[in-house]
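>>> After the sequence you'll find the predicted model.
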Amino acid sequence: AKVEVDAAMKKKFDGWRLRTFLSIFFGYATFYFTRNSFTYAAPGLRQALGFSLEQLGIIASIFPLFYGFSKLIAGILCDRLSARVFMASGLAVTGVLNIIFANQTTMPLFCIVWGLNGIFQGFGAPPSAKLLTNWFAKKERGTWWGFWNTSHNTGGFLIPLLAGTCVRMFGWQYGMIVPGCIAIVMGAILFWRIRDSPADVGLPDVETVYGDGVAAAPPPAAAAADPNAPPAEKENVFVKHVLTNWRVWLLAVAYFFVYFVRQGVCSWSHIFLLDFKQVVNAQEAAFRVSGMELGGLLGSLASGYISDKMLRGRRVPIIVAWMLGVMASLAALWFVPTSYRYLTWFTVFLIGFFIYGPQMLIGLAGAEIVDRRAVSSTIGLLGWIAYLGASVAGFPLTKIVAHLGWPYYIASLIAMSGIAVLLLLPLWRTGAPREAVKAIPGGEEGAELGPAVEGLAPGTVARSCDTCAGTGEVIRLDCLPATPAQVSCKYLEVVCPYCAGKGYVIEQSREGLMPMT
């Protein structure tokens, strides 16, 4: 039952919720300080130690491989450990590893330390999700989750300014040491400020105060799938709906190239400005690429809104349009003169605007084209292949630049964007309502609709809804302003607008062809 709390307890609960949220928001933003520090310290490291661009590329390739592996296991570990300890210790360790990295001089040690950093970087998101679940009720959790999601943009926007300034004033080591020290301090703050659940501070379950009055309970093991489904069907969901789904594989391979472009721009655009465009120093180059995160926020908002409101849930046309925008913006970056400081900033802003939309929408498109039981597996497969693309944007891309020159850097990014577009064209109409291909007699046992559909008159012809795959629900993207400079986006599961939640659409009755609902 819903718990009535007095004013003092309500004030205590509100205070702890705000305290927890601010801690995980700024904590996760700090993870991005120690994740992207190498990117902006690399030019100084290269100059001081005489490293080649290819050697920097090897170090850059190590991180996404280990980070992708860490993301696979971090969620399982976090379910068995304290989220407070998990997140605080993970952040502090990434800070220590950044400081250790700054004191190395050999390639093997650089690679080992940066690979370890990739592993501990995976300790940020799972505990944040667990804490949001424990401290915020289901009916409000989406809003708070969306606000938290902007933390990585906050960290990504600030780190080029912080690290770029440190490198210019004190040397490349301080571009790693200062973010590392901040991470260690923030780790201690997280351990001090966070508690795993309301029960740890003598408060009732959050659902009984802010939710619907029913305390959350761990779901039974049988709830992981439909209890009435045969065992073989439960085991084959991944094979049936993901591994054998050609649409998922097209999206996955396209995602590989999208992440190649994104990582290629994030990791090497500032060195491109220094080496090829002859920008005066690393701090100036860092400023010129700082607009990418802001552009990404606005591009994500625009792509989600247009695909939802104007194209009725069709993601692929927007992804293709945005990738064409990436290609045009990359060409513009090549031609913009070095002396045009703010035009260069705006060009990088446009690259961010156009690349972050596809990065977000491909994952959403994958979730929408599979059975609901296979959504997590689909997102996991897409994410793993995406990070393989990010790793290829390290050493292999720098090898191209070292042997062929910077013109081929831009050419490679444009070519990879074009390949992604070609791969997505067969999916152009995915998500669009289609005309009936195979009519199904209403009420016929064993038909594609499953058991007899109640309420259909004899002779009525219906078919499974193409939009929701017969589930009656679809996943939609909802974006709202979080702060004056940031946008928060979250996924919502809503009633399918084309079948009104029935899972089927009526095609024909005795009176003749009926319009689709």
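Received, thanks. Numbering: from 1, shown residues only.
>>> Model confidence for Leu413, exactly?
Per-residue confidence (pLDDT) for Leu413: 95.
>>> do the same with the one 5 residues further on
Each residue has a pLDDT score; the one for Gly418 is 95.
>>> For the helix or strand hosting it, give me every contacting residue.
Assigned by DSSP states H and E, Gly418 belongs to helix 407-424. With contact meaning C-beta atoms under 8 Å, 6 or more residues apart in numbering, helix 407-424 is reached by 250-251, 253-254, 257-258, 260-261, 264-265, 268, 272, 316, 319-320, 323-324, 326-327, 330-331, 333-334, 358, 397, 400-401. The way it works is simple: take the backbone N, C-alpha and C, and place the C-beta from them, glycine included.
>>> Skipping adjacent residues, who's closest to Met186 in space?
Of all residues not flanking Met186 in the chain, Thr30 sits nearest, at 4.4 Å (C-beta to C-beta, 6 or more residues apart in numbering).
>>> what about that neighbour, neighbour count?
If you count neighbours by other C-beta atoms under 10 Å, Thr30 ends up with 28.
>>> I figured it was touching Ile184, is that so?
No. Using C-beta atoms under 8 Å, Thr30 makes no contact with Ile184, being 9.7 Å away.
>>> Can you list phi and psi of the nearest residue to Leu45 once chain neighbours are set aside for me?
Distances taken as C-beta to C-beta, 6+ apart place Trp172 nearest to Leu45, at 4.5 Å, with adjacent residues excluded. Main-chain dihedrals, Trp172, degrees, to the nearest 10: phi -60, psi -30.
>>> Am I right that Trp172 is in contact with Leu56?
No. Counting by C-beta under 8 Å, no contact exists between Trp172 and Leu56, whose distance comes to 11.5 Å.
>>> quick one: the strands in the chain?
Under the criterion DSSP state E, the chain carries strands at the ranges 440-441, 461-464, 473-483, 486-495, 504-509, 512-513.
>>> Identify the single longest helix in the chain, thanks.
Secondary structure of the chain per DSSP state H: the longest helix is helix 7-49.
>>> ok, the residue nearest in space to the middle of the chain to Ala302 distance?
For the chain, the residue nearest the mean C-alpha position is Met360 (6.2 Å; C-alpha atoms, centre = their mean). Here Met360 is placed at a distance of 11 Å from Ala302 (C-beta to C-beta, to the nearest Å).
>>> How about Arg429: what's its closest non-neighbour residue?
Per C-beta to C-beta, 6+ apart, closest to Arg429 is Arg314, 7.4 Å.
>>> how far does stretch 322-341 sit from the chain's center?
In terms of C-alpha atoms, centre = their mean, to the nearest Å, the centre of stretch 322-341 is found 25 Å from the chain centre.
>>> Residues touching that stretch, excluding its own?
So stretch 322-341 is contacted by 258, 261, 265, 269, 273, 277-279, 284, 288, 299, 303, 343-344, 347-348, 350-351, 353-355, 357-358, 361, 407, 410, 413-414, 417-418, 420-421, 424 (C-beta under 8 Å, 6+ apart).
>>> helices and strands of the protein: which one has the lowest mean pLDDT?
Every helix and strand of the chain was ranked by mean pLDDT, DSSP states H and E. The lowest is strand 512-513, at a mean of 36.
>>> Can you tell me the closest non-neighbouring residue to Arg247?
Nearest non-adjacent residue to Arg247 (C-beta to C-beta, 6+ apart): Ile369, at 5.2 Å.
>>> isn't that neighbour right up against Val248?
Yes. The pair Ile369 / Val248 is scored as a contact, 6.9 Å apart, by C-beta under 8 Å.
>>> which residues does Gln283 contact?
Contacts of Gln283 (C-beta under 8 Å, 6+ apart): 164-165, 167-168.
>>> Let's see that with 10 Å instead.
When contacts are counted by C-beta atoms under 10 Å, 6 or more residues apart in numbering, Gln283 touches 40, 160-161, 163-169.
>>> Out of these, which end up buried?
Among the contacts of Gln283, the ones that count as buried by 16 or more other C-beta atoms under 10 Å are 40, 160, 163-168.
>>> Which pair in those residues has the greatest spatial separation?
Pro160 and Arg168 (11.8 Å; C-beta to C-beta).
>>> who touches both of those two?
By C-beta under 10 Å, 6+ apart, Pro160 and Arg168 have these common neighbours: 282-283, 285-286.
>>> got CSV for those residues, with pLDDT and distance to Gly503 too?
Formatted as CSV, those follow (pLDDT from 0 to 100; distance: C-beta to C-beta, whole Å):
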residue, pLDDT, distance to Gly503
Ala282, 77, 57
Gln283, 76, 57
Ala285, 84, 54
Ala286, 81, 52
